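Engineer: Sequence and predicted structure below; questions after.
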Amino acid sequence: MTLLTIQSVSKRYGPVTALDKVTLDVAAGSRTAVVGPSGSGKTTLLRIVAGFERPDEGQVVLNGEVLADGAAAVPAHKRGIGIVSQDGALFPHLSVADNIGFGFERGAPDRKKRIVELLDMVELDRNMLTRRPHQLSGGQQQRVALARALGRKPRLMLLDEPFSALDTGLREHMRKAVARVLQTADITTILVTHDQAEALSFADQVAVLREGKLIQAGSPQSLYLQPKDRETALFLGDAVMLPAIVRNGFADCALGRVAVEGSHQGKAEIMLRPEQIRVVADESEPAYGGRVVEVEFGGATCTVAVSLEGVALPPIFIKTSSVALPERGDRVRLDIAGKAHVFGRP
Ligand SMILES: Nc1ncnc2c1ncn2[C@@H]1O[C@H](COP(=O)(O)OP(=O)(O)OP(=O)(O)O)[C@@H](O)[C@H]1O
């Protein structure tokens, strides 16, 4: 069931088109990540859904209720939508307990109990209730902000880059913790991020924005393995692109004959994710071989650059484990796992 429908929403700021006829459905109980380069319209979209901005055109409908229809809009505080921003936006002069209970009635008999329940939900220690925000770490502040937003029992939760101020390890931990809390509470969520890995691991649906347009929306797997165009492919991760001739489910390219998806026939560009390619030392002069021109040791994931023989193409970069890492100058062949994705060539 669809909870939120964003229908042909456009927003201009003077000469800048921040959003251009964006249409996106968000299923009830799901997690959607909106990604895109800086300035692509992610925050504008979130602010329109939250009610902090009004669209010039288009509709926002939540659970059958029209929240915005062009400039006619339901005010933000009447939307039942929670939002957690990058800085958490906690009230610095209030304790953790009062931050979490901010929206609750002062004299409500169950106020304290609800605050403690929310604190437990975001897995914070109860001795933190009397602390002020500046006595908390960045990750703890974000949990308090999430608890406060959850306390209002939102129909929809919006997360605007909430993990971006945290360092890598904590970021991943928080992402998992927040996903768990939202799933347990069965709250539909939209996350805005410019971290592709975060989007792919957090969401059921990823929506890619570029220059105010929605380029593609779908499951993380489908976007990563079947991106609509080159730019989307490269935005979501490293990719090896090769010219090819496709016939009956196979592509002839500089790597030999590679199985492909789809029914495209003729000239095309194919894409492989680097982890689909395995570098195998092979001195036997294979028909489609190459020579290692660069090795970058990176711990768990190393990068090997291979210059393909007999073709005028730049070296291709392959991610590989540190086990049996080839050396510069080695002859190798490249084994492919899975199928390549085909971009049709006009
Ligand atoms: N209040 C405003 N006035 C004028 N232009 C604005 C305003 N808000 C956003 N813009 C412009 O609209 C475009 C989209 O901005 P938006 O903040 O939505 O992008 P974003 O994808 O969230 O970027 P970032 O990842 O850098 O936060 C940008 O060109 C931005 O400069």
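Structural biologist: Thanks, I have the structure now. Numbering: from 1, shown residues only.

Engineer: can you list the domain ranges for the chain.
Structural biologist: Using automatic domain parsing, the domain parsing of the chain gives 2-231, 238-344.

Engineer: So which of those domains is the most surrounded?
Structural biologist: For those, the stretch with the most neighbours on average is domain 2-231, a mean of 18; neighbours defined as mean count of other Cβ atoms under 10 Å. Just so you know, the C-beta spots here come from the backbone N, C-alpha and C atoms, and that holds for glycine as well.

Engineer: Could you confirm whether any residue of that domain contacts the ligand?
Structural biologist: Yes. In terms of Cβ under 6 Å from any ligand atom, part of domain 2-231 sits within range of the ligand, namely 13, 16, 18, 36, 38-44, 194.

Engineer: taking these one by one, which sit in helices?
Structural biologist: Taking DSSP state H, the ones among those that sit in helices are 42-44.

Engineer: from the residues of domain 2-231 next to the ligand, which has minimum pLDDT?
Structural biologist: The member of these with the lowest model confidence is residue 194, at 83 (criterion: pLDDT).

Engineer: wait, isn't it in contact with residue 41?
Structural biologist: No. Shown here, residue 194 and residue 41 do not form a contact pair, counting by Cβ atoms under 8 Å, at 12.0 Å.

Engineer: wait, what's in contact with the residue found closest to residue 186 once you drop the neighbours it is linked to in the chain?
Structural biologist: Spatial nearest neighbour of residue 186, chain neighbours left out: residue 29 (5.6 Å); criterion: Cβ to Cβ, 6 or more residues apart in numbering. With Cβ atoms under 8 Å, 6 or more residues apart in numbering as the criterion, the residues that contact residue 29 are 3, 186-188.

Engineer: make it 10 Å
Structural biologist: Residue 29 is in contact with 1, 3, 182-183, 186-189, 204, counting by Cβ atoms under 10 Å, 6 or more residues apart in numbering.

Engineer: Overlap in contacts, residue 194 and residue 41.
Structural biologist: Listed as contacting both residue 194 and residue 41 by Cβ under 10 Å, 6+ apart are residue 34.

Engineer: follow-up on the earlier one: specify which member of the contacts of residue 29 is nearest to the ligand.
Structural biologist: Of all the contacts of residue 29, the ligand sits closest to residue 189, with 17.2 Å by Cβ to the nearest ligand atom.

Engineer: Would you mind putting the residues of domain 2-231 next to the ligand into TSV with distance to residue 271 alongside?
Structural biologist: Listed next are the residues of domain 2-231 next to the ligand as TSV, based on distance: Cβ to Cβ, whole Å:
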residue	distance to residue 271
13	35
16	32
18	30
36	20
38	24
39	26
40	21
41	25
42	25
43	30
44	30
194	22
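
Engineer: C-terminal to the helix ranked longest in the chain, what's the next element?
Structural biologist: For the chain, the longest helix by residue count, based on DSSP H, is helix 168-184. Following the chain from helix 168-184 toward its C-terminal end, the next helix or strand by DSSP states H and E is strand 188-192.

Engineer: So what are the sheet partners of that following strand and their directions?
Structural biologist: In the sheet containing strand 188-192, its partner strands are strand 31-35 (parallel), strand 156-160 (parallel), by DSSP bridges.

Engineer: looking at those strands, which one has the lowest mean pLDDT?
Structural biologist: When the mean pLDDT of each of the strands paired with strand 188-192 is compared, strand 156-160 ends up at the bottom with a mean of 92.

Engineer: so what's the residue nearest the centre of the chain scoring on pLDDT?
Structural biologist: With distances taken as Cα atoms, centre = their mean, the chain has residue 199 as the residue nearest its mean C-alpha position (1.8 Å). Per-residue confidence (pLDDT) for residue 199: 91.

Engineer: Wasn't it part of a helix?
Structural biologist: Yes. When DSSP: H, G, I helix; E, B strand; the rest coil is applied, residue 199 is found to be in a helix.

Engineer: Look up the closest residue to it, ignoring the ones flanking it.
Structural biologist: Leaving aside its sequence neighbours, residue 199 sits nearest to residue 33 (Cβ to Cβ, 6+ apart; 3.6 Å).
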